[in-house]
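> okay, structure incoming, though there's no sequence with it:
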């Protein structure tokens, strides 16, 4: 392993950290980017999909290029969300753990600024920041970037609107001679314009293929549903992946909340993640997901950035993403670190025409996911009903007298007989609902 990374020019302290992290083989973007950053002085544009190791591609050489004897900020890394910022901060700390006196700070929005200002009063070499928080710190004169040599724009396609407004102010704080390293999963026109405006004319572009270590193990599948059966089919799929961890993507915060509520009603181990939640709640949910205390995360696109959990076995696009870039970012949450994963997109009939466009644009192939039968859906809903009963906590407010009377009613029944009667009653009630309300089989 060390020979492979050492051949790229990586120093011994970082090689030791990589070995301890069991990072074995450089990915394509790492092989192309690391020597370029270590030996050249050009600006760099790195084009690679989520999960291909971009953080190490720029992080390893930048850690090596830091002069730890100088207590000033030498590198600024801009990210679209605090979650991604925290992930990069953790990665850099892991990569640089054997570099003496290296100092890295995270200054992202969503948390109090005062502790960050106090942190920046100490020697700092690398700052990971969201654009809004960095500008706030600049305006308060709490950060000095006048000697920063490197500016990294990570996931630039995810923060293009923010950068349009704020990049001038940030760049004005940097010395005229600095290197800009821009990384993006896609290269839309807005990014090309950004490159033209802010990067050197002699910029070097490197790219990694879609089929890389990070996502060659993803199966891209779609399932066609009627709106009325969409939730039932999702519940069937989730039950079939019981015990596995996954992320369900929705377009809006309202949709995330609604779906998360349905999952909770049906006793799935789940949590919701979107921008309107307080940072404390988002952090707690993310920690529960990372630690495996909840198995399913329902999230909007932006809120899910920075999720780097190796054991995510599937993602579900409950709503078709608006852009190809979002599909890349969503599907890249699974099949991390060479594992296998499934990206399942739930479509209505009229949306299937978009599948060939996604295939052509992204260079991937979709297969159709087998739709469960009506009988299988009904059986699954019966199982969900049984799980609801099993996981319902006893109500201690019910009087002992009433409990005794109810027990007397069931006194002569065996366990099997009671289950038979409960099932028969459920089926009977379900048939009544179908007759009375043909639009919806039964309540979720």
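Perfect, I can see it now. Keep in mind the model is a prediction, meaning the values are calculated, not measured.
> all helices of the stretch 201-350 of the chain, in order?
Secondary structure of the stretch 201-350 of the chain, counting by DSSP state H, counting those that start in this stretch: helices at 230-240, 253-265, 279-291, 324-331.
> same thing with the stretch 51-200 of the chain?
Residue ranges of the helices in the stretch 51-200 of the chain, as given by DSSP H, counting those that start in this stretch, are 54-65, 82-95, 114-120, 131-139, 160-171, 189-198.
> could you look over those helices and pick the most buried one?
Highest mean neighbour count among the helices of the stretch 51-200 of the chain (mean count of other C-beta atoms under 10 Å): helix 54-65, with a mean of 24. In this view, the C-beta of every residue, glycine as well, is placed from N, C-alpha and C.
> list the buried residues for stretch 106-113?
Applying a neighbour-count criterion of 16 or more other C-beta atoms under 10 Å, one finds 106, 107, 108, 109, 110 buried in stretch 106-113.
> any chance of the residues you listed in a markdown table, plus distance to residue 299 and pLDDT?
Output for the buried residues of stretch 106-113, formatted as a markdown table (distance: C-beta to C-beta, whole Å; pLDDT from 0 to 100):
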| residue | distance to residue 299 | pLDDT |
| --- | --- | --- |
| 106 | 21 | 96 |
| 107 | 24 | 95 |
| 108 | 18 | 91 |
| 109 | 18 | 88 |
| 110 | 16 | 82 |
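> among those residues, which ones are in strands?
Cross-referencing the buried residues of stretch 106-113 against strands under DSSP state E gives 106, 107.
> and which of the buried residues of stretch 106-113 is nearest to residue 84?
Closest approach to residue 84 among the buried residues of stretch 106-113 (C-beta to C-beta): residue 108, at 8.7 Å.
> does that closest one really touch residue 82, like I thought?
Yes - shown here, residue 108 and residue 82 form a contact pair, counting by C-beta atoms under 8 Å, at 3.9 Å.
> find the residues that touch each one of those two.
residue 130 (C-beta atoms under 8 Å, 6 or more residues apart in numbering).
> where does this protein have its least confident helix or strand?
helix 2-6 (a mean of 69; mean pLDDT, DSSP states H and E).
> I'd like the distance from the lengthiest helix in the chain to the chain centre, please.
Counting residues, the longest helix found in the chain (DSSP state H) is helix 415-436. Relative to the centre of its chain, helix 415-436 is centred 41 Å away, using C-alpha atoms, centre = their mean, to the nearest Å.
> how does this structure divide into domains?
Split into domains by automatic domain parsing, the chain comes to 2-207, 218-372, 393-436.
> include distance to residue 383 when you put those into a markdown table, please.
Putting those into a markdown table (distance: least, C-beta to C-beta, whole Å) gives the following:
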| stretch | distance to residue 383 |
| --- | --- |
| domain 2-207 | 34 |
| domain 218-372 | 7 |
| domain 393-436 | 11 |
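> confidence-wise, which of these is weakest overall?
Among the domains of the chain, domain 393-436 has the lowest mean pLDDT, at a mean of 83.
> what about it, distance to the chain center?
So, by C-alpha atoms, centre = their mean, the centroid of domain 393-436 is 43 Å from its chain's centroid.
> the helix or strand residue 17 falls within - contacts with which helices or strands?
Residue 17 belongs to helix 12-20 when assigned by DSSP states H and E. Packed against helix 12-20 by the contact rule (3 or more C-beta pairs under 8 Å, 6 or more residues apart in numbering; DSSP states H and E) you find helix 2-6, helix 54-65, helix 82-95.
> what angle separates it from helix 54-65?
150 degrees (axes from the mean of the first three to the mean of the last three C-alpha atoms, to 10 degrees).
> please identify the buried residues of helix 12-20?
Judged by neighbour count using 16+ other C-beta under 10 Å, the buried positions of helix 12-20 are 13, 14, 15, 17, 18.
> export those residues to JSON lines and tack on distance to residue 429?
JSON lines is the format used below for those (distance: C-beta to C-beta, whole Å):
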{"residue": "13", "distance to residue 429": "67"}
{"residue": "14", "distance to residue 429": "64"}
{"residue": "15", "distance to residue 429": "65"}
{"residue": "17", "distance to residue 429": "60"}
{"residue": "18", "distance to residue 429": "59"}
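> what's the farthest-apart pair in those residues?
Maximum pairwise distance among these (C-beta to C-beta): 10.0 Å, between 13 and 18.
> can you tell me which residues contact residue 255?
With contact taken as C-beta under 8 Å, 6+ apart, residue 255 is in contact with 318, 319.
> the stretch 201-350 of the chain: strands as residue ranges?
For the stretch 201-350 of the chain, applying DSSP state E, counting those that start in this stretch gives strands covering 204-207, 218-224, 245-249, 270-273, 296-299, 312-317, 341-347.
> list the buried residues in the fifth one.
Neighbour-count burial for strand 296-299, with 16+ other C-beta under 10 Å as criterion, is recorded at 296, 297, 298, 299.
> what's across from the first one in the sheet?
Spelled out, that is residue 296. Taking DSSP bridges as the rule, residue 296 bridges to residue 246, residue 270.
> all further residue positions should be reported with the first residue as 707.
New numbering, starting at 707: the last item is residue 1002.
> in this structure it contacts residue 972, no?
No - assessed by C-beta under 8 Å, residue 1002 is found out of contact with residue 972, at 10.9 Å.
> gap between residue 1054 and residue 931?
Here residue 1054 is placed at a distance of 7 Å from residue 931 (C-beta to C-beta, to the nearest Å).
> actually, residue 732.
Counting by C-beta to C-beta, the separation of residue 732 from residue 931 is 42 Å.
> could you do residue 874 as well?
Distance from residue 874 to residue 931, counting by C-beta to C-beta: 46 Å.
> same check on residue 866?
33 Å.
> before we move on, what about residue 711?
Counting by C-beta to C-beta, the gap between residue 711 and residue 931 amounts to 46 Å.
> likewise for residue 909?
According to C-beta to C-beta, residue 909 and residue 931 sit 45 Å apart.
> go on, residue 807?
Separation of residue 807 from residue 931 (C-beta to C-beta) stands at 57 Å.
> what about the two, which has more around it?
Just comparing residue 807 and residue 931: by other C-beta atoms under 10 Å the higher neighbour count belongs to residue 931, 17 against 10.
> residues touching the nearest residue in space to the more buried one that is not next to it in sequence, list them.
The shortest distance from residue 931 to any non-neighbouring residue, by C-beta to C-beta, 6 or more residues apart in numbering, is to residue 939 (5.3 Å). Residue 939 sits next to 929, 931, 1052, 1077, 1078, 1083 when contact means C-beta under 8 Å, 6+ apart.
> closest one to residue 822 out of these, please.
Of all the contacts of residue 939, residue 822 sits closest to residue 1052, with 40.4 Å by C-beta to C-beta.
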